[in-house]
Every structure is written in C-alpha cells, then in structure tokens.
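> Sequence and predicted structure below; questions after.
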Amino acid sequence: MDRKKLSDDALEFIAARFKLLGETSRLKIIIALQNGERNVSEIVEASALTQTNVSRHLSALTEGGILSRRREGLKVIYAIADPSIFEMCESVCGSLQKRLGAQAKAFK
C-alpha cells in the first residue's frame, strides 16, 4: 500500500474501520463468528454480552462491511463478510505478543 497516494476519503474510510474494531464487545462478536455464522441468540451466548449490546454492535459491524446478515425464517443470521479481518487481528496479536515477551524479559 502506497500511503502517499491515499486520498483523504480513503484515510477516513480506513480510520472508520479501525474505529469499528476499537471496541472490546465488537471483538468478542467477531471471535464468536470466527468458526461460522450464528444467529443473535448464539452470539449472545458465545460472547457473554447482553442482547441489547450485541444487537447494537451487530448493526455497526454490518453497516461497516465487516459482517453480513441474512434472514432465515424469523431468525437473522450473521457471518463474517470480510475474512481479512482475521489476518489483521492475527498481525496485531502477533505484534503484541512480541512486545509483551520483550517487556517480560526486560523485567527478569
């Protein structure tokens, strides 16, 4: 990615994506959907969040293009729409593990 060529609109879009992921509850929901699609009740159970909280975050994640939703009878089923989200999370987690490991060695 050539950052010098990114327009202000592109940077706004990128910042909005990071803002969506800057919420613990949303990360719990993404993790709950990592192994496949689920309905709202299943996400509530897997994430240990309230249904009101889950519904609010599902809406934001869907509007942001991270999740997709479809209706199945009376249930709404959610799934990861952008699987690259896991690559980004893995990159961040790996970086944090290295940093924490280095800090732990410094204090020994």
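That came through fine. Numbering: from 1, shown residues only.

> I'd like to know how many residues surround Thr52.
Applying other Cβ atoms under 10 Å, we find 9 residues neighbouring Thr52. For the C-beta atoms, the positions are set from N, CA and C on the backbone; glycine is no exception.

> ok, now how distant is it from Val44?
10 Å (Cβ to Cβ, to the nearest Å).

> What of Lys19?
For Lys19 relative to Val44 (Cβ to Cβ), the value is 23 Å.

> Compare these two (neighbour count), which wins?
Val44 (19 against 12).

> for that one, what are its contacts?
Thr50, Gln51, Val54 (Cβ atoms under 8 Å, 6 or more residues apart in numbering).

> please redo it, this time with the cut-off set to 6 Å
Gln51, Val54 (Cβ atoms under 6 Å, 6 or more residues apart in numbering).

> Secondary structure class of it, three-state.
Each residue gets one of three states, and Val44 gets helix by DSSP: H, G, I helix; E, B strand; the rest coil.

> so where do the strands sit in the chain?
38-39, 67-72, 75-80 (DSSP state E).

> Tell me how many other residues crowd the residue nearest to Leu67 when sequence neighbours are not counted.
Distance criterion Cβ to Cβ, 6 or more residues apart in numbering; nearest residue to Leu67, sequence neighbours excluded, is Leu61 at 4.4 Å. The local packing of Leu61 (other Cβ under 10 Å) involves 25 other residues.

> now swap in Ser7 and tell me
Each residue near Ser7 was counted by other Cβ under 10 Å, and the total is 8.

> So what does it have for phi and psi?
In terms of degrees, to the nearest 10, the main-chain angles of Ser7 are phi -80, psi 170.

> could you measure it against Ala15, distance?
13 Å.

> one step back: identify whichever of the strands of the chain lies nearest to Val92.
strand 75-80 (16.5 Å; Cβ to Cβ).

> Can you point out the buried residues in that closest one?
Ile77, Tyr78, Ile80 (16 or more other Cβ atoms under 10 Å).

> Kindly report the same for stretch 44-64.
Quick answer for stretch 44-64 (16+ other Cβ under 10 Å): Val44, Ala46, Ser47, Leu49, Val54, His57, Leu58, Ala60, Leu61, Gly64.
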